[in-house]
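Trainee: Build me a model from this:
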Amino acid sequence: MLEIGADDRTWLLSGPTSSYGLRVAGHGELLHLHWGPRIALADAEALAALPAPPYRPFESPLDGHEEYPVEGGPRFARPALSVRTDERRGTEWAFEGYEADGGELRLRFTDAGLVITLHYRMRGDVVERWVTLANTGPGPVELLRADSATWTLPERDGWRLSQLHGRWAAESRLVRSPLTYGEKVIGSRRGHTGHQHLPWVALDVDATEEHGEVYGCALAWSGTWRIAVAQLPDARVQITGGAGYDDSGLLRLAAGETFVAPVFEGLWSDGGLGGASRAWHAYQRAYVIPDADRDRPVLYNSWEATGFDISEEQQRALARRAAAMGVELFVVDDGWFGARTGDRAGLGDWSPNPDRFPSGLTPLADHVHALGMQFGIWVEPEMVNPDSDLYRAHPDWVQHQKGRNRTEFRNQLVLNLARDDVQEYLWRQLDGLLSSAPIDYVKWDFNRCFTDAGWPGDPYPQRLWVDHVRALYALVDRLRAAHPTVAFESCSGGGGRVDLGVMSRTDQVWTSDNTDPLDRLAIQHGFSQIHPARVMAAWVTDSPNTQLNGRVSALRLRFVSAMAGVLGVGGDLTKWSESELAEARDWVGLYRQIRPVVQHGDLYRLRPPAGGLSAVQYVLGDETVVLAWLQAQHYGEPVAPLRLRGLDPEARYECRETGEVYRGAVLLHHGLRTALRGDLDATVIRLCRV
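Mentor: Below is the predicted model:
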């Protein structure tokens, strides 16, 4: 709901439990009024009438109070907007007016030939903010920095900052630390979201998992980005974020050109850390994820079984075993195209290898469909091997600096997707591929960062950092429109491209290349702070885990760990025993029963993965599913009971595994003791209201 003050200079956006207020002051300054519990318009107008903060020497009365700080004038806080023309640098803007349309608020400001529009929209309790910059003047305007939003928090003592950090195979690990004076900056200068940080932060003072205020912000952008959390000298806190890592230049807008910044979402919750997560999950299922109401199928991926050594008959044999296990989607990974017999050749040549698939992909896809499964493939369209037909024909199509060596990672280079001819080539290749065979699913990978991000001959080559991502979005959007039944998964060497921008265009994301069931508990715990199980792909692979750490783990533990998200299987099924295949079939069958609750239910983190017992709970309607993992028992201590959440305290719930009936607040104790038999064990417990 959007409410407007009587003088048309105060605005209040309200959701079910929260409100967001702002006002244009008498001299045109845009001031922040309120972000927090729901208030009335009269309350916002009363806040607007409060006196200005007292003058302090060497400090700006605007810092910490402006809604969107710009560079220029009496300001010293980090600017959200920094622009430059041939004559001057900075902004001296004037308020021109506003528009309110369908719940969206647009505030328009001008500075000479630059029109700055701030956008606001509230969905649930999530505030969506972004900025549009239009050059209406005769000359170019350089955008050095154009952040999507600045968020201002209320005055509190002792803020605590939560963030997700990591690296390859160790993504999305949660860390919380006291916020101190100065700035905390996270981001990526790698050209993609990155394994090192997810574009999300949360701040609280004394929140627990289920109680207390939490403020969270998440950026919907899949390229280079930056979020800065600043505690200012007067103790106020602001969070500023957007595309690009530094201030060296995003784009140059010629006359008539426009830049639309990515959306930067903010959420206030008084339901604790878990309540904030559930609000984020509900928002994504309702407004971000395509076809979020559909269940994601159980998939099998052949990569760890075959590597690059692929043949059609071998894939058929794996497909038969996968189908017998109850798998619903069979995916052929790397190695099906071009001269791709290893990682040194073939990227860029997106047609089936004639030696491996002499009749193309259709016979294999038809075989997979006849077995009752969907058919999927792996691609990495933004990359090219120097040993490829594409690179030999167009060596100028890659990002490079004139006169410098072209850095290779994984024997590949990055295509300059900002080029129109590269975009058109990839469209023809991928549209032709999806039209040539009955393909149901595409795993879209991105396996190296930007290094030599140059564009010889372009008048403003650094624009490729932004335009590459905009072209990626446009290409995926175009493919989805042309092939509406094809599902897409975002992958980047694991979790290197996980953000709300790519999630608005894909059906799920690959969380990490690390499939070790114990390591994944911490990765999935961090991932769940912001993103729902509905998009979190998780695989069961072989034991020992030869891909990473050599750890031996039971099939039971591997399955229950992966069942916390979108279940997949990635082991070499030709080496699994008949008893393992039979056990796996039972686990897949159980997952398909609980899948609606896991993928669409509300998540409660009952106990974090800290070395002993950890557990998560999903609630959907009258059904509840608990996944519990016992990493180790110490000193003969019994398995601690779990108190479930999100249930009706007046109702009775029956445990399907034991037949026990619980009243009121459910305390799982006896069932856990009998189900968890020792170290490195796991269990699934289902309850239904009776």
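Trainee: Name the residue closest to the centre of the chain, please.
Mentor: Nearest to the mean C-alpha position of the chain, counting by Cα atoms, centre = their mean, stands residue 499 at 2.5 Å.
Trainee: who are the neighbours in contact with that residue?
Mentor: Residue 499 is in contact with 193, 198, 199, 218, 219, 220, 221, 222, counting by Cβ atoms under 8 Å, 6 or more residues apart in numbering. (Glycine included, C-beta is placed from N, CA and C.)
Trainee: May I have the phi/psi pair for the first one?
Mentor: Per-residue torsions, residue 193: phi -50, psi -40 (degrees, to the nearest 10).
Trainee: Apart from its chain neighbours, what residue comes closest to residue 245?
Mentor: Nearest in space to residue 245, with sequence neighbours left out and distances taken as Cβ to Cβ, 6 or more residues apart in numbering, is residue 189 at 4.1 Å.
Trainee: scratch that, residue 112 is what I was asking about
Mentor: Nearest-residue entry for residue 112: residue 137, 6.0 Å, with adjacent residues in sequence omitted and distances by Cβ to Cβ, 6+ apart.
Trainee: Can you give me the neighbour number for that neighbour?
Mentor: Residues near residue 137, counting by other Cβ atoms under 10 Å, number 16.
Trainee: quick one, strands of the stretch 251-400 of the chain?
Mentor: 251-253, 258-260, 264-269, 299-301, 329-332, 374-379, 383-384 (DSSP state E, counting those that start in this stretch).
Trainee: want to throw these into CSV with mean pLDDT, distance to residue 124 and mean neighbour count?
Mentor: Compiled in CSV, these are given as follows (pLDDT from 0 to 100; distance: least, Cβ to Cβ, whole Å; neighbours: other Cβ atoms under 10 Å):
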stretch, mean pLDDT, distance to residue 124, mean neighbour count
strand 251-253, 96, 32, 21
strand 258-260, 98, 23, 15
strand 264-269, 98, 8, 25
strand 299-301, 98, 30, 27
strand 329-332, 98, 31, 26
strand 374-379, 98, 32, 22
strand 383-384, 98, 37, 22
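Trainee: need those in CSV with distance to residue 128, can you?
Mentor: Shown next, in CSV, are those (distance: least, Cβ to Cβ, whole Å):
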stretch, distance to residue 128
strand 251-253, 22
strand 258-260, 13
strand 264-269, 5
strand 299-301, 32
strand 329-332, 32
strand 374-379, 31
strand 383-384, 32
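Trainee: out of these, nearest to residue 618?
Mentor: Nearest of those to residue 618, taken as Cβ to Cβ: strand 264-269 at 18.9 Å.
Trainee: Run through the neighbouring helices and strands of that closest one.
Mentor: strand 18-24, strand 30-37, strand 126-135, strand 149-152, strand 214-219, helix 272-283 (3 or more Cβ pairs under 8 Å, 6 or more residues apart in numbering; DSSP states H and E).
Trainee: Check the offset of the shortest one from the chain's centre.
Mentor: It stands for strand 149-152. 20 Å (Cα atoms, centre = their mean, to the nearest Å).
Trainee: The second one too?
Mentor: When distances are taken as Cα atoms, centre = their mean, strand 30-37 is centred 27 Å away from the chain's centroid.
Trainee: Quick one: list the elements packing against the next helix or strand after that strand.
Mentor: Next helix or strand after strand 30-37 toward the C-terminus (DSSP states H and E): helix 41-48. Here helix 41-48 touches strand 10-14, strand 18-24, strand 30-37, going by 3+ Cβ pairs under 8 Å, 6+ apart.
Trainee: buried sites along helix 41-48?
Mentor: Neighbour counts over helix 41-48 (16 or more other Cβ atoms under 10 Å) mark 41, 43, 44, 45, 47, 48 as buried.
Trainee: Check those for the minimum pLDDT and say which it is.
Mentor: Across the buried residues of helix 41-48, the smallest pLDDT goes to residue 48, namely 92.
Trainee: number of nearby residues for the closest residue to residue 280 other than its chain neighbours?
Mentor: Distances taken as Cβ to Cβ, 6+ apart place residue 530 nearest to residue 280, at 5.2 Å, with adjacent residues excluded. By other Cβ under 10 Å, the residues close to residue 530 number 26.
Trainee: Distance of residue 530 relative to residue 316?
Mentor: Counting by Cβ to Cβ, to the nearest Å, the gap from residue 530 to residue 316 is 40 Å.
Trainee: How about residue 147?
Mentor: Distance from residue 147 to residue 316, counting by Cβ to Cβ: 52 Å.
Trainee: quick one, which of these two is more surrounded?
Mentor: Between residue 147 and residue 316, residue 147 has the larger neighbour count (other Cβ under 10 Å), namely 29 against 15.
Trainee: Disregarding residues adjacent in the polypeptide, which is nearest to residue 406?
Mentor: Per Cβ to Cβ, 6+ apart, closest to residue 406 is residue 400, 5.1 Å.
Trainee: The one you found against residue 458, yeah?
Mentor: No. Using Cβ atoms under 8 Å, residue 400 makes no contact with residue 458, being 11.9 Å away.
Trainee: What residues are bridge-paired with residue 258?
Mentor: Counting by DSSP bridges, residue 258 is bridged to residue 134.
Trainee: Who are the contact partners of it?
Mentor: 132, 133, 134, 135.
Trainee: what about 10 Å?
Mentor: For residue 258, the contacting residues are 115, 117, 132, 133, 134, 135, 136, by Cβ atoms under 10 Å, 6 or more residues apart in numbering.
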